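Engineer: Here is my input; please provide its structure:
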Amino acid sequence: MIPKIARDPYLAEVARVWGEQAAFDAGFFEDDDPDDAPLADVGWLCTPTDVVRRGLATAPTAEGRSPVVLLSTGGFHPLHGGHLAMMAHARARAESAGWWVVGGYLSPGHDQYLRLKWGAAAPPASERIATLVAALGDVDWLAVDPWEALHRRVAVNYTDVTARLTAYLRHHLRPDIDVAFVCGADNARFALAFAPQGRAVVVGRPGAEADADRWRTDARVGAAPDRILWADGGHPGASSALPVAPRSARPHQVTVRLEDERAVATLGLAVPRWRAFQAALLAELAVRTAVRTVALADQVPAPVEGVVSLDPMLPGQVDLAVSRRFDLGGHQPLGHGPRPGHPPVEEQLRTIGPGPWTVRDDDRSTGGTIAFVTRLLDVAAVEVSLPEGDGEIADSRDLLLGTDDGGLVVVLPDGTDGRAPYLLPYVDPAARGTVPVTDAVAFSIAGWELNAAAFAGTGLTVADLPAPAAAVLHHAGYDPSAALEAVARAHATTLRSLLPTGRTAPGEGLLRPAGGRC
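Structural biologist: Prediction:
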């Protein structure tokens, strides 16, 4: 049996029962990656889980039913009303059959797949993922899974995506979750892959009636009427794209704030190492964009009296510990909440006087956090310490694992908050505006190598991290005794495997550590 059929939990059974040709009839293709896509990489935390977690909190349609997640793969460039109609029809059909649908995912294709149709004009994965998330808007039962597009070296089979998502959700959320594959009738042959096991929903599409009839009457597919469903559709093949606000042009420069030793106080990293990391980070960014810096000491704050500070590095009469929260990957915002380890925002507000207050932050960024706070407080003025301009603003502590209040607040699969550096897989650095959308993987490799160099020979382990950072690595499967240097190198190695053969990360020569154990 072809190795990549033999490893596929769906197609291997198809081939065993009906022969290898049946796997090809179901749409299997041999990808050109000599290494298998790991279908059980449950520790590679890139897939958001908020949609499914909320769905699991609802009551099932009937006792004893397993939760079902719908999944569709494709280019989705752009997402159009037909895609959403297909998913809605699939959900309605599944629920009419008694399935307990707890959410759904769209999995945009790999760059290699997109180039087959669009050539060099195909946008890179990071940009397509961000656009797709924005286009979903308030469709609150669907999310975007970036694994296929951004975390694989080549285009993979739709059954690979299904198997991996199933393993991921079963590990992190519930062991009885099923993933049902959804496709239009023009791809009705895909139903054959799930005839021996698994679930699928095929949705009708004008012009594909013959395909639907052929496979619906196929005896192999028809033998599983409770697991392979057929839904009426009617969405046209070329629906208009959903409106999405145009993305701003890439910044021609980034302003990096260089925090002082307070950023690594809990971690206990020596200040010279912290400074060396900052210098190397600036060099890496300079490979990709124009960089200017501002030292924390140069941010001269006004008197603290009457000031509510939103930045833990800037003084205020009151430190309001509030933060933006994001789903894993950093593309989907999930509102505001307390910084990890702090009381709920409402509880913090009860200790603050009536005001009026001056709200202090380092920059406006999107302005969302300041707007959130001004709705809760009597605010007389807003003060930002970094100038506004046409470039991005970044904090150096956001790129080093385990800094105090550094990194992005990400919601973990169990619903708790953690903190992760702005590096893949936990955060797409292009989504958060620091690097070009073409450079998310290469920059993340560089960032993890810089982390490894910072921790080389220190003996620091996962257990030495602040709790929010340790929580992320715990969900990723790391033991508390794992050395941070080895953890960082493992991330860089995995990401390096995603680069096309022979390609190296820009600025790689900057990444040679001075020594230390691996």
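Engineer: residue closest to the middle of the protein?
Structural biologist: Nearest to the mean C-alpha position of the chain, counting by C-alpha atoms, centre = their mean, stands Gly329 at 2.0 Å.
Engineer: Contact partners for it?
Structural biologist: By C-beta atoms under 8 Å, 6 or more residues apart in numbering, the contact list for Gly329 reads 46-48, 129, 146, 425-428, 431. In short, each C-beta sits where N, CA and C put it, glycine included.
Engineer: out of those residues, which are buried?
Structural biologist: Buried positions within the contacts of Gly329, assessed by neighbour count (16 or more other C-beta atoms under 10 Å), are 46-48, 129, 146, 425-428, 431.
Engineer: In JSON lines, list these along with distance to Ala283, secondary structure and pLDDT.
Structural biologist: Rendered in JSON lines, the data for these read as follows (distance: C-beta to C-beta, whole Å; DSSP: H, G, I helix; E, B strand; the rest coil; pLDDT from 0 to 100):
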{"residue": "Cys46", "distance to Ala283": "27", "secondary structure": "coil", "pLDDT": "97"}
{"residue": "Thr47", "distance to Ala283": "32", "secondary structure": "coil", "pLDDT": "98"}
{"residue": "Pro48", "distance to Ala283": "32", "secondary structure": "coil", "pLDDT": "98"}
{"residue": "Ile129", "distance to Ala283": "28", "secondary structure": "helix", "pLDDT": "95"}
{"residue": "Pro146", "distance to Ala283": "28", "secondary structure": "coil", "pLDDT": "97"}
{"residue": "Pro425", "distance to Ala283": "24", "secondary structure": "coil", "pLDDT": "97"}
{"residue": "Tyr426", "distance to Ala283": "23", "secondary structure": "coil", "pLDDT": "98"}
{"residue": "Val427", "distance to Ala283": "21", "secondary structure": "strand", "pLDDT": "97"}
{"residue": "Asp428", "distance to Ala283": "22", "secondary structure": "coil", "pLDDT": "96"}
{"residue": "Ala431", "distance to Ala283": "23", "secondary structure": "coil", "pLDDT": "89"}
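Engineer: nearest to Asp178, of those residues?
Structural biologist: Ranking the buried ones among the contacts of Gly329 by separation from Asp178, with C-beta to C-beta as the measure, puts Thr47 on top at 16.1 Å.
Engineer: how about the closest one, phi and psi?
Structural biologist: Dihedral angles phi and psi of Thr47 (degrees, to the nearest 10) take the values phi -90, psi 120.
Engineer: switch to numbering from 350
Structural biologist: Sure, I'll start counting at 350 from here, so that last one is Thr396.
Engineer: Isn't it up against Thr515?
Structural biologist: No - the pair Thr396 and Thr515 fails to qualify as a contact (C-beta atoms under 8 Å) at a distance of 11.4 Å.
Engineer: Quick one: end-to-end length of stretch 523-539, please.
Structural biologist: Counting by C-alpha to C-alpha, to the nearest Å, you get 26 Å between the two ends of stretch 523-539.
Engineer: Check which residues of it are buried.
Structural biologist: Neighbour counts over stretch 523-539 (16+ other C-beta under 10 Å) mark 526-539 as buried.
Engineer: Span of stretch 491-502 from start to end?
Structural biologist: 25 Å.
Engineer: now do stretch 398-412
Structural biologist: End-to-end distance for stretch 398-412: 23 Å, by C-alpha to C-alpha.
Engineer: hmm, who's touching it?
Structural biologist: The contact list for stretch 398-412 (C-beta under 8 Å, 6+ apart) reads 416, 418, 444, 447-454, 489-492, 518, 521-523, 526, 676-677, 681, 683, 760, 762, 764.
Engineer: and with 7 Å instead?
Structural biologist: Applying C-beta atoms under 7 Å, 6 or more residues apart in numbering, the external contacts of stretch 398-412 come out as 416, 418, 444, 447, 449, 451-452, 490-492, 518, 521-523, 676-677, 683, 760, 762, 764.
Engineer: Mind checking which of those are buried?
Structural biologist: Neighbour-count burial (16+ other C-beta under 10 Å) is assigned, among those, to 416, 418, 449, 451-452, 490-492, 518, 521-522, 676-677, 760, 762.
Engineer: Show me the residues you listed that map onto strands.
Structural biologist: 416, 418, 449, 451-452, 491-492, 676, 760 (DSSP state E).
Engineer: of the residues you listed, closest to Pro650?
Structural biologist: Each of those was checked against Pro650 using C-beta to C-beta; the closest is Val760, at 31.2 Å.
Engineer: List the residues that contact the closest one.
Structural biologist: Remark: with contacts taken as C-beta under 7 Å, 6+ apart, Val760 is in contact with 399, 674, 676, 683, 766.
Engineer: Now the nearest residue to the last one once chain neighbours are set aside: which helix or strand?
Structural biologist: Nearest non-adjacent residue to Asp766, counting by C-beta to C-beta, 6 or more residues apart in numbering: Pro689, 4.5 Å away. Using DSSP states H and E, Pro689 maps to neither a helix nor a strand.
Engineer: coming back round to it: Serialize the buried residues of stretch 523-539 to TSV and add fields for secondary structure, distance to Leu630 and pLDDT.
Structural biologist: Supplementary listing: those in TSV, determined by DSSP: H, G, I helix; E, B strand; the rest coil; distance: C-beta to C-beta, whole Å; pLDDT from 0 to 100:
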residue	secondary structure	distance to Leu630	pLDDT
Ile526	coil	39	97
Asp527	strand	43	97
Val528	strand	39	98
Ala529	strand	44	98
Phe530	strand	42	98
Val531	strand	42	98
Cys532	strand	44	97
Gly533	strand	46	96
Ala534	helix	51	96
Asp535	helix	48	95
Asn536	helix	45	96
Ala537	helix	51	97
Arg538	helix	49	97
Phe539	helix	45	98
